[in-house]
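In: Based on what follows, work out the 3D shape:
(one chain, ligands or ions: 2)
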Amino acid sequence: MEFIAFTYVGNFVDKEIITDVLFNVFDDANRFFHQNEIPVRFLYIGKLELEPGYLINLNTPEGRIRVYPLEALVEVLYSRLLQEINEKEDIKMNKIFALTTFPLVSRNPYFDFYEKFLGIHEVITGLRIMILSMKPFEVPITPDDSPHERRRKLETFKSRLLKGILHEVGHSFGLEHCNNQCVMHPPTNIEDWDGRIPGYCDECLLKLRAAL
Ligand SMILES: [Zn+2]
Ligand SMILES: [Zn+2]
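Out: Ligands and ions are numbered 1, 2, ... in the order given. Sure, this is the predicted structure:
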């Protein structure tokens, strides 16, 4: 069995999102791996706090926002993963997965700001750092929503995220994009993503099992 350290970075205004979506989605991913005989599991290592000193200002079409640049986040995650590996010598783990509540931005001005549906990968000395922003998957919830409507929106949000997580995990074990009904088929828009099944096609599943 191989483990992937999992953490989240961000400030949650809506606490319900933590309980309803964040932890459920990783439970769902672990259940998916179990049911599909994929020997990978996420291991929660706690929330990650970034120092406010890392924040940068960014001018966007929607105004000026305060964000953490990816470069800083990658450094913090790398050292966190090293620490976890040292503490847990008996398990196989060389990857960390972080979900952020803020959009992914870079000091690089050419970075595809706000258009990134899917995540970022960096490999440093054999350790893989994966970052996925929850932002593009969000379903806006308004105070007027009925409890039923609210539940439905959170389910949609969670389902979008689960597919995003499976997509990144696929890449982390060498899967490339495919054109099938599969999470490895990148979406052109969010509606496209909503129509995708939460799983790998037969070809990708075989490749994934082989990589493990
Ligand atoms: Zn991809
Ligand atoms: Zn596929």
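
In: Find the nearest non-adjacent residue to P187, please.
Out: Here the nearest residue to P187 in space, its sequence neighbours aside, is W193; by CB to CB, 6 or more residues apart in numbering that works out to 3.8 Å. Every C-beta, even on glycine, is put in place using the N, C-alpha and C of the backbone.

In: That neighbour is in what secondary structure piece?
Out: helix 190-194 (DSSP states H and E).

In: What helices and strands are in contact with that helix?
Out: helix 147-172 (3 or more CB pairs under 8 Å, 6 or more residues apart in numbering; DSSP states H and E).

In: on that earlier part again, may I have the helix holding W193 exported as PDB, CA atoms only?
Out: Provided in PDB are the C-alpha atoms of helix 190-194 (Å, rounded to 0.1, in the frame of the first residue of the first chain):
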ATOM      1  CA  ILE A 190     -17.400  22.900 -15.800                       C
ATOM      2  CA  GLU A 191     -20.500  21.500 -17.400                       C
ATOM      3  CA  ASP A 192     -18.300  19.100 -19.300                       C
ATOM      4  CA  TRP A 193     -16.700  18.100 -16.000                       C
ATOM      5  CA  ASP A 194     -20.100  17.500 -14.400                       C
END
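
In: Next, the buried residues of it.
Out: Across helix 190-194, burial judged by 16 or more other CB atoms under 10 Å covers W193.

In: tell me which residues of the following helix or strand past that helix are tucked away?
Out: The C-terminal neighbour of helix 190-194 among helices and strands, as given by DSSP H and E, is helix 202-211. The neighbour-count check on helix 202-211 (16+ other CB under 10 Å) flags 204-205, 207-208 as buried.

In: Please name the nearest non-neighbouring residue to the residue nearest the centre of the chain.
Out: For the chain, the residue whose C-alpha lies nearest the mean C-alpha position (CA atoms, centre = their mean) is L132; its distance is 3.5 Å. Of all residues not flanking L132 in the chain, G119 sits nearest, at 3.8 Å (CB to CB, 6+ apart).

In: re the thing from before, what comes into contact with the helix holding W193?
Out: 117, 136-137, 156, 159-160, 163, 187 (CB atoms under 8 Å, 6 or more residues apart in numbering).

In: could you dump the residues you listed to JSON lines with neighbour count, distance to L212 and pLDDT?
Out: Formatted as JSON lines, those follow (neighbours: other CB atoms under 10 Å; distance: CB to CB, whole Å; pLDDT from 0 to 100):
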{"residue": "F117", "neighbour count": "22", "distance to L212": "26", "pLDDT": "51"}
{"residue": "P136", "neighbour count": "19", "distance to L212": "28", "pLDDT": "80"}
{"residue": "F137", "neighbour count": "23", "distance to L212": "26", "pLDDT": "86"}
{"residue": "T156", "neighbour count": "15", "distance to L212": "30", "pLDDT": "93"}
{"residue": "S159", "neighbour count": "19", "distance to L212": "25", "pLDDT": "95"}
{"residue": "R160", "neighbour count": "23", "distance to L212": "25", "pLDDT": "93"}
{"residue": "K163", "neighbour count": "23", "distance to L212": "20", "pLDDT": "95"}
{"residue": "P187", "neighbour count": "19", "distance to L212": "26", "pLDDT": "86"}
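
In: nearest to F3, of those?
Out: Proximity of those to F3 (CB to CB) peaks at K163, which lies at 21.2 Å.

In: Can you tell me the closest non-neighbouring residue to the closest one?
Out: Nearest non-adjacent residue to K163 (CB to CB, 6+ apart): V183, at 4.8 Å.
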